[in-house]
Structure formats: structure tokens, C-alpha cells
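**Student:** this one's structure only:
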């Protein structure tokens, strides 16, 4: 399982970013892919996850209405569109994959890519 995250950067509060997670080495439809984040001094948080087989989606309460996760099965890529970004969204964002979609809130996915830093300035 290989996961390559990209798209982080510096943005002002209220701005937008789109993260991409390119997946390879496994059957895309057999897995859920999620975005997780870890801010300095804080624990890892499950932000959003998508179950590729049926499109089930989970969002953390903190991002509902602002973030949108989507998958492109033809490209084996999952995106996280982040709108109305706030300074509290500043974190390293990781994409990860697991056969068990339901562990998303706990951040217990098995396979992880490298992180991409998102910094939101006030």
C-alpha cells in the first residue's frame, strides 16, 4: 500500500485548499481512505473518510459543512476540498487507508502516507 499526499500550503483564514491522496499497490474499492490531522501538541484526529466501495462518508464535527471528501476511482485518488479554513485547521494532514472504514474517527487506519502541512494564518 502506497499513499502520496499533496496540496498543503499556507493560506489566509477564510481561504481554501485542496489536498490529494494518490493511492497504489492495493485494490482501491476494497479500502476506505481517510484524511487525518495532527496539530502541534494535540492528538491525531480523523477529519474525513470515504469508503470507496459504496461511497459512505464520515466527517468530524469540526469540519462538517466546510470540508468535502471525494474519490476518483479511475485515478485511485481521494481529494479533500477544504473551504472556510480557520487557524485551528492548521496541522499536518495525512492520508491513510484501511479495510475497516469504521475505525476512521479513532484514526486507527493501518497504512499511512507522508503528511502535508496546512498552515492557516489569521
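**Tutor:** Happy to help now that I have it. What you see is a predicted model; the values in this text were computed from it and never measured.

**Student:** CA only for contacts and neighbour counts going forward, please
**Tutor:** Noted.

**Student:** for the spatially closest residue to residue 95 that is not a sequence neighbour, which residues make a bridge with it?
**Tutor:** What sits nearest to residue 95 in space, not counting adjacent residues and going by C-alpha to C-alpha, 6 or more residues apart in numbering, is residue 35, at 4.5 Å. Residue 35 has these beta-bridge partners by DSSP bridges: residue 48, residue 95.

**Student:** Could you tell me how far residue 35 is located from residue 122?
**Tutor:** For residue 35, the distance to residue 122 equals 23 Å [C-alpha to C-alpha, to the nearest Å].

**Student:** Check residue 58 too.
**Tutor:** Taking C-alpha to C-alpha, one finds residue 58 at 28 Å from residue 122.

**Student:** Pick out whichever of those two has more residues nearby.
**Tutor:** Comparing residue 58 with residue 122 by other C-alpha atoms under 10 Å, the one with more neighbours is residue 58, at 20 against 11.
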